[in-house]
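Undergrad: here are the coordinates; sequence isn't available:
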């Protein structure tokens, strides 16, 4: 490096800090850890992993990855925040005219740039995962992305403050563990504390397909995160630490509307979100029998249509259904339509198409045949309702769905397939009994 | 034994822009464990190299910390470069023109020498346009030009001390404070270091706190001796040596006298000054 390439400007020093705070290493570390975690959640490493090629799902996954990235960011920042004390530089630095706030903020900014770079690399990987098939670009996902990245910034700010205020070699790991436990345990808290969990910096950002952040909530949450980060920086660098009270008060004010939000009636989503009707709008095949999926899963329509039509062909032998429709969680199928369960989590990673087509068929059959019981009605010793359910699943799926190897199911299925008229009558008795959780009727239908 | 009495303050500054202290006192410790680390010190320091001698606990480092504007005095006034450093704006201005190498020199091991000095050039608000040259010049002055791009953690103790001096010099300071600067240096490095001090002291107020009378003898234009927080003697090193030369003759018949013959005249003068001060203090304590 030539002597002239380093200038003692803030930018020049930021470049030095980028190099020497380990920001590049941290960025690379976060990117690698994020990539490993994403890969570990997908086949072939995880056969049960799921993937959705939507922005909402990508943001949800980014938020979840924050449970690892956030503690790492906090720990790295705490380590760098404690370096002045660790290296016994406090006295020398205090004799210089540059304010401690400027000095420490420059260090923090360089490190945080590295952390954000790492998080951005993880985001890029997630985007690469959805890019081949993403079909819906709405849903305020940019706001979710900003909040997810701000969560990393908050972890870095609080970690930096902790590292400076509590200098010691164990502060950094302690900060990491504390962030992990706080943000991880919050997911298991009950409804009482549930409204506060989205305020945590990582892993708790609500993001579901078919829902979007409410506009003013996103704005208030941005204020909350920025104010918390500012309070951390002032605690670490300001000559008068009491000035941190100003952003702290702003942060508290931002929490008032955020914790007062209530979920929409009849919805399952977080109170921070609202239904994204455009994402749930149906996109249908032009030919019949018509198959419809939500806009957010439009990329899967070509894969779902032949499966749904195959199932419809079997089901139509017994039931008057003429189309197949994807329904969101908590919704029921329109009259005359075969319900396809939500396709959330059914996409392939890094490639377009369905990951496990058989699950779409299974899910549709289960939706038709599984009793809608409000309680423990099916938990009795009587196995006969299960025989009916199994036989119905075999019958409606044309043998595609294999519920169990129970000989009683096989026997009932054989008897029903031998007489299509009887089978049609049987199914028409079975469907309402299953829908109403009529266990006695289900037991009677099991008679061979 | 007759020891000439020196009036204080008498370190006549060459200009009025050096350091002026008046009735300076610093109380350290808390509650019942407080003590006056610096006690009623009045002194003026002008351009030149000023040696600050004294035994452990004399208050040298506390005084250096006050002069580096890190510690606020409990009593008295300090004016540096004509400014009252209790004023925040003036203090910042003084810090721009100050170089400081503390006794415990910390550093960031991953920084290269150049990065470390550049970092301090920024902290000292050296204008960006000339900063790269200032950094290179400071590194060259301390003889580390060939190690400028080596990481600090790869340097020996002596080289680290020189890198510390480079950061102190990077803003071309008008006041340079060096606390035990030759600790950890080998004899050759000490000679180089003293030569550098003489060079810097031509147009800068340099204050060197040290135990080593050799540093004072070969690099300082003036010397001040402190004991128990008080200034007990100021003179030129030559005057302190003259004082020391009187000592072996007077004590020649004692074992102490024979050992003193082997000691340098400056050491003897320093010891005599301290003894005189302690004797005076004990006597006045007994009278009370």
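TA: Perfect, I can see it now. Here the structure is a predicted model, which is why all the values come from computation and not from measurement.
Undergrad: count of neighbours near residue B:117?
TA: Other residues lying near residue B:117 total 30 when counted by other C-beta atoms under 10 Å in any protein chain shown. Using the backbone N, CA and C atoms, a C-beta is placed for each residue, glycine as well.
Undergrad: Okay, the residue of the stretch 201-350 of chain A found nearest chain B and residue A:46: tell me how far apart.
TA: For the stretch 201-350 of chain A, the residue closest to chain B is residue A:239, as judged by C-beta to the nearest C-beta, at 9.3 Å. Residue A:239 is 51 Å from residue A:46, where distance means C-beta to C-beta, to the nearest Å.
Undergrad: ok, now residue A:279?
TA: Per C-beta to C-beta, residue A:279 is found 27 Å from residue A:46.
Undergrad: Pick out whichever of the two has more residues nearby.
TA: residue A:279 (24 against 11).
Undergrad: Residue A:433 versus that one, what's the distance?
TA: Counting by C-beta to C-beta, the gap from residue A:279 to residue A:433 is 35 Å.
Undergrad: Also residue A:355?
TA: 33 Å.
Undergrad: Kindly report the same for residue A:99.
TA: Distance of residue A:99 to residue A:433, given as C-beta to C-beta: 76 Å.
Undergrad: Same check on residue A:257?
TA: 48 Å.
Undergrad: Settle it for me: which of those two has more neighbours?
TA: For residue A:257 versus residue A:433, neighbours defined as other C-beta under 10 Å are more numerous around residue A:433 (21 against 14).
Undergrad: ok, for the more buried one, nearest residue in space, not its chain neighbours?
TA: Spatial nearest neighbour of residue A:433, chain neighbours left out: residue A:441 (3.8 Å); criterion: C-beta to C-beta, 6 or more residues apart in numbering or on different chains.
Undergrad: Give me the pLDDT for that neighbour.
TA: pLDDT, residue A:441: 90.
Undergrad: And the one 4 residues further on, by the same measure?
TA: Note for residue A:445: predicted pLDDT of 89.
Undergrad: Skipping adjacent residues, who's closest to it in space?
TA: residue A:388 (4.4 Å).
Undergrad: picking that back up, helix/strand/coil for the residue of the stretch 201-350 of chain A closest to chain B?
TA: coil (DSSP: H, G, I helix; E, B strand; the rest coil).
Undergrad: contacting residues for the nearest residue to it once chain neighbours are set aside?
TA: Leaving aside its sequence neighbours, residue A:239 sits nearest to residue A:100 (C-beta to C-beta, 6+ apart; 6.6 Å). Residues near residue A:100 by C-beta atoms under 8 Å, 6 or more residues apart in numbering or on different chains: A:93, A:94, A:237, A:238, A:239.
Undergrad: Next: residue A:207.
TA: Going by C-beta under 8 Å, 6+ apart, residue A:207 touches A:56, A:57, A:59, A:60, A:63, A:141, A:144, A:213, A:273.
Undergrad: Those also near chain B: which ones?
TA: By C-beta under 8 Å from any C-beta of the partner chain, no member of the contacts of residue A:207 lies near chain B.
Undergrad: In strands, which of those fall?
TA: Using DSSP state E, the subset of these located in strands is A:213, A:273.
Undergrad: out of the contacts of residue A:207, who's nearest residue A:20?
TA: Using C-beta to C-beta, residue A:63 comes nearest to residue A:20 of the contacts of residue A:207, at 30.9 Å.
Undergrad: Would you confirm that that closest one contacts residue A:201?
TA: No: contact criterion C-beta atoms under 8 Å: residue A:63 and residue A:201 do not qualify, at 10.1 Å.
Undergrad: who touches both of those two?
TA: residue A:151.
Undergrad: Give me the more crowded residue out of those two.
TA: Ranked by neighbour count (other C-beta under 10 Å), residue A:63 and residue A:201 place residue A:201 first, with 28 against 24.
Undergrad: Which secondary structure state is assigned to that one?
TA: coil.
Undergrad: again, but for residue A:338
TA: Using three-state DSSP, the structure places residue A:338 in strand.
Undergrad: Quick one, grab the pLDDT at residue 25.
TA: All of this refers to chain A. At residue A:25, pLDDT is 94.
Undergrad: The intended chain is chain B.
TA: Confidence score, pLDDT, at residue B:25: 95.
Undergrad: now swap in residue B:50 and tell me
TA: At residue B:50, the model reports a pLDDT of 95.
Undergrad: beta partners of it?
TA: residue B:207, residue B:222 (DSSP bridges).
Undergrad: what's the answer for residue B:230, then?
TA: As for beta bridges, residue B:230 partners with residue B:227 under DSSP bridges.
Undergrad: surely it meets residue B:39?
TA: Yes: applying C-beta under 8 Å as the test, residue B:230 and residue B:39 come out as touching, 5.2 Å apart.
Undergrad: Report the helix or strand with the lowest average pLDDT across chain B.
TA: Between all helices and strands in chain B, the lowest mean by mean pLDDT, DSSP states H and E belongs to helix B:255-262, at a mean of 52.
Undergrad: Could you point out the helix or strand that follows that one?
TA: helix B:265-287 (DSSP states H and E).
Undergrad: Give me the helices and strands touching that next one, please.
TA: helix B:213-219, strand B:222-227, strand B:230-235, helix B:237-250 (3 or more C-beta pairs under 8 Å, 6 or more residues apart in numbering or on different chains; DSSP states H and E).
Undergrad: Show me the contacts of residue A:207 that map onto helices.
TA: In helices, defined here by DSSP state H, the members of the contacts of residue A:207 are A:56, A:57, A:59, A:60, A:63, A:141, A:144.
Undergrad: out of those, who's nearest chain B?
TA: residue A:63 (32.7 Å).
Undergrad: Centroid-nearest residue for the chain?
TA: All of this refers to chain A. Against the mean C-alpha coordinate of chain A, by C-alpha atoms, centre = their mean, the closest residue is residue A:60 at 2.9 Å.
Undergrad: that's the other chain; I wanted chain B
TA: Judging by C-alpha atoms, centre = their mean, chain B has its centre closest to residue B:208, at 2.2 Å.
Undergrad: Just list the residues touching that one, thanks.
TA: B:49, B:50, B:51, B:52, B:178, B:181, B:197, B:215, B:216, B:219, B:220.
Undergrad: Which residues of the stretch 51-200 of chain A lie near chain B?
TA: Near chain B, when you scan the stretch 51-200 of chain A using C-beta under 8 Å from any C-beta, you find A:83, A:87-98, A:103.
Undergrad: Return a PyMOL selection command for the buried portion of these.
TA: In PyMOL, selecting the buried portion of these, with burial taken from 16 or more other C-beta atoms under 10 Å in any protein chain shown, looks like this:
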select buried, chain A and resi 83+87+89+90+91+92+93+94+95+96+97+98+103
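Undergrad: Quick one: the residues of the stretch 51-200 of chain A next to chain B as TSV, columns for pLDDT and distance to residue A:70 too.
TA: Shown next, in TSV, are those (pLDDT from 0 to 100; distance: C-beta to C-beta, whole Å):
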residue	pLDDT	distance to residue A:70
A:83	94	21
A:87	92	26
A:88	91	30
A:89	93	28
A:90	91	28
A:91	93	34
A:92	95	33
A:93	95	29
A:94	94	32
A:95	95	36
A:96	96	33
A:97	95	36
A:98	94	30
A:103	94	25
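Undergrad: In helices, which of the residues of the stretch 51-200 of chain A next to chain B fall?
TA: Residues of those located in helices (DSSP H): A:83, A:90, A:91, A:92, A:93, A:94, A:103.
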